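S.K.: for reference, the sequence and a predicted model appear below.
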Amino acid sequence: MLSRVRQLVSRERITIRKPDSWNRWRAVPGPALVQLSIGGVYSWSIFNEPLTRNIGIIAASSQDWVLGDVVPIFSCAALSLGVCTAFLGPWADRVGPRVVGLTAAVCWSSGLALAALGCYLQVLPIVYLGYSVLGGAGWGLGYISPIPTLLSWFPDKRGLASGLGLSAFGGGAMLAAPLETWLLKQYFRPPTFLGPTESVNVITEQGKRYVIDESGSMVEVIIGAASDMSRLPISLEEGVYLLGTGDTGISATFLTLSAGYLVMMISGALLMRVPPAGWSPKGFAEVGTSSGGIQHSVHHAVALKTPQFYLLWLTLFGNTIAGVTIISTAKTIMTDVFMGTYPLIVTSGFAASYVMALSGANMLGRLGFGPLSDAIGRKRTYMLFGLGIPLTVLLPTLTGMVDVNNATPLALFCGATVIIISFYGAVFAVLPAYVADTFGQKHVGTIFGRILTGFPFAAMVGPLVLSTLRSRANEEAIRDLASKADPVLFLEKFGAKVDQLPELVQAKTVTIARLMEILPPGTFDPSVTLYDTTMYTMSGMLLIAFMANLMVKPVDPKYFEKIDKDSLLEDSKPKKLEGKVESKDE
């Protein structure tokens, strides 16, 4: 039994013996299914807000995680991806895409299931172990295996091949975002309602809100204001709710996604096929080959000695940091900045649709810029991404222009970020072909995987910068607004004096939105400035990437490895399988 399983997943089993008579487009659906599944990672921002009220349910409570706790879950998953792509590339090349795809399915699915357990138990390390470590490994393995496979089938259309594979990954959140939003709504259970705020005797102790139950004990409660209720998947009455009751639905959502993605990824892995080593379509002549018709390649170990490797790494890091920062917090940014000014437009559903739009831009950028790079070249295509610099600088200006009577700034913000994310997706679509053009096709999987480590660094730095700067801006804004509040109204609203502000903020009792409810009409809402310094920082990173790309030159021939043409031809011959399992695709 075990031998039959090994034969089923072996590279020899999935090698097409007669590739010229086999339609190579049949190789696309398998990688696409795997990429579509792990692409759900780009809808992570859907989970940020529910995770920060997993106990409070309707709003963040003193016992809930803060945004700075949950945003790094995505970043650490990207770090796990980087570790896998850096160290498992040679193994992936050796065992073939089917084994790698199946391994990715197990890791990604089990990671989501473990994250569900962590949310149910409210134990953050378990969520990190599941989504970040196991899920990140599944993300990395599912990402690196399909692309070299498609490149091997389409050496004459490398930009198109990588674009096809990665467009499915980029579009994964288009499927995941509405599905996750719907699942969260279906599984959501409201907490126990105790009554309107004015009819319940609420006590404030150390910044927390309590009521006295029938036994005379103090029980912590959460007070839901209009700004809180607008973020929920269902409509609820404003008032006092019992803490520790209800369910955000996030655990059940993770568990459902785990089962669905497992089926999709296993199906995709079983559909994967590869051509024999050294195969190329009829009539195709590789540019940059030796006089014998064999392409020059740089060994993956030698590539680390070239300046091109580090310039491409830096180009990837700088070009992706703005995009990954926006994607990982897209829904949070939208609700923080615009919901207060445009409550009738920026609903929870609108924010989810915004995440979908970004995913669509991610997908179209991968699909469109890949073929474009075949026509104008990889380096010129990367130069186009420099247009993201002025767009990122423009974002704080747009958020500063918000006006309740004019939604144009909102529309322009959405348009600018959609363009930025299309560039972000395009970076990944063009990169495999860029690496193959620079270092040769032979070791592209391993070299691509190592250069890809620039992305997890971007995913770590970008969201970390955002959460740190946002937290600082949020605290400063709350202190400023509290100083302008009427002390009597403040006491009535929060049950404590202004001098207890640090405790109230720590317990999440006082927020910008709740302070704005007791301030005079026309008071400037500082929510629109929470991300200004982050965007300026991101534009600087994009500039660094632009300069690094300008410095990329052809690899010095001294780094080329010597190729034995006879050995290459021998490797391309069909190998006889052991046992009685035969390929139906011969």
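M.R.: Good, I have the coordinates.

S.K.: shouldn't residue 60 be in contact with residue 53?
M.R.: Yes - checked against C-beta atoms under 8 Å, the pair residue 60 and residue 53 is within contact range at 4.9 Å. For the C-beta atoms, the positions are set from N, CA and C on the backbone; glycine is no exception.

S.K.: so where's the protein uncertain?
M.R.: 1-10, 159, 162-163, 165, 283-295, 563-586 (pLDDT under 70).

S.K.: quick check: next helix or strand after whichever strand in it runs longest?
M.R.: Longest strand of the chain, by residue count under DSSP state E: strand 218-224. Using DSSP states H and E, the helix or strand that follows strand 218-224 in sequence is helix 226-229.

S.K.: what residues sit buried inside the following helix or strand past that following helix?
M.R.: Next in sequence after helix 226-229, counting helices and strands by DSSP H and E, comes strand 239-242. Neighbour-count burial for strand 239-242 flags 239, 240, 241, 242 (criterion: 16 or more other C-beta atoms under 10 Å).

S.K.: separation between the first one and residue 408?
M.R.: In other words, residue 239. 36 Å (C-beta to C-beta, to the nearest Å).

S.K.: picking up where we left off before, show me what the longest strand of the chain is packed up against.
M.R.: Applying 3 or more C-beta pairs under 8 Å, 6 or more residues apart in numbering; DSSP states H and E, we find strand 218-224 packed against strand 208-212, strand 239-242.

S.K.: and the helix or strand just after the last one, C-alpha only, in CSV?
M.R.: I take that to be strand 239-242. Counting by DSSP H and E, the element after strand 239-242 in chain order, helix or strand, is helix 250-270. Extracted C-alpha coordinates of helix 250-270, given in CSV (Å, rounded to 0.1, in the frame of the first residue of the first chain):
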residue,chain,number,x,y,z
ILE,A,250,-14.4,33.2,14.2
SER,A,251,-13.6,29.7,15.6
ALA,A,252,-16.3,28.0,13.5
THR,A,253,-15.2,30.1,10.5
PHE,A,254,-11.6,29.0,10.7
LEU,A,255,-12.7,25.4,11.1
THR,A,256,-15.0,25.5,8.1
LEU,A,257,-12.3,27.1,5.9
SER,A,258,-9.9,24.3,7.1
ALA,A,259,-12.1,21.6,5.7
GLY,A,260,-12.9,23.4,2.4
TYR,A,261,-9.3,24.3,1.6
LEU,A,262,-8.1,20.8,2.4
VAL,A,263,-10.4,19.4,-0.4
MET,A,264,-9.4,22.0,-2.9
MET,A,265,-5.7,21.7,-2.3
ILE,A,266,-5.6,17.9,-2.4
SER,A,267,-7.6,18.0,-5.7
GLY,A,268,-5.1,20.6,-7.1
ALA,A,269,-2.0,18.6,-6.1
LEU,A,270,-3.4,15.4,-7.7
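
S.K.: how far away from the center of its chain is helix 250-270?
M.R.: 17 Å (C-alpha atoms, centre = their mean, to the nearest Å).

S.K.: other residues contacting whichever helix or strand comes after that helix?
M.R.: Remark: after helix 250-270, the chain's next helix or strand is helix 300-303, criterion DSSP H and E. Helix 300-303 has contacts (C-beta atoms under 8 Å, 6 or more residues apart in numbering) with 89, 90, 309, 439, 443, 446, 447, 450, 559, 561.

S.K.: same check on stretch 120-135?
M.R.: With C-beta under 8 Å, 6+ apart, stretch 120-135 has contacts from 41, 54-55, 63, 65, 69, 73, 76-77, 79-80, 107-108, 110-119, 251.

S.K.: what lines up beside the longest strand of the chain in the sheet?
M.R.: strand 208-212 (antiparallel), strand 239-242 (antiparallel) (DSSP bridges).

S.K.: and residue 198, which of those is closest to it?
M.R.: strand 239-242 (8.8 Å; C-beta to C-beta).

S.K.: report the distance from that closest one to the chain centre.
M.R.: 34 Å.

S.K.: as JSON lines, the helices and strands packed on strand 218-224 with distance to residue 455 would be great.
M.R.: What follows is these, written out as JSON lines (distance: least, C-beta to C-beta, whole Å):
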{"stretch": "strand 208-212", "distance to residue 455": "41"}
{"stretch": "strand 239-242", "distance to residue 455": "41"}
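
S.K.: of those, which is nearest residue 96?
M.R.: The nearest among the helices and strands packed on strand 218-224, by C-beta to C-beta, is strand 239-242 at 53.7 Å.

S.K.: TSV please, covering the contacts of helix 300-303 and showing distance to residue 296, secondary structure and neighbour count.
M.R.: Listed next are the contacts of helix 300-303 as TSV, based on distance: C-beta to C-beta, whole Å; DSSP: H, G, I helix; E, B strand; the rest coil; neighbours: other C-beta atoms under 10 Å:
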residue	distance to residue 296	secondary structure	neighbour count
89	20	helix	24
90	20	helix	14
309	16	helix	21
439	9	helix	28
443	12	coil	24
446	17	helix	26
447	14	helix	29
450	19	helix	22
559	9	helix	16
561	8	coil	14
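
S.K.: from those residues, pick the one nearest residue 431.
M.R.: Looking across those and measuring by C-beta to C-beta, the closest to residue 431 is residue 447, at 10.6 Å.

S.K.: residue 439 is in contact with that closest one, correct?
M.R.: Yes - with contacts counted by C-beta under 8 Å, residue 447 reaches residue 439, the gap being 5.2 Å.

S.K.: need the overlap of contacts for these two.
M.R.: 298, 303, 309.

S.K.: whichever of the contacts of stretch 120-135 end up buried, select them in ChimeraX.
M.R.: Selecting only the buried entries of the contacts of stretch 120-135 in ChimeraX, with 16+ other C-beta under 10 Å as the criterion:
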select :41,54,55,63,65,73,76,77,79,80,107,108,110,111,112,113,114,115,116,117,118,119,251
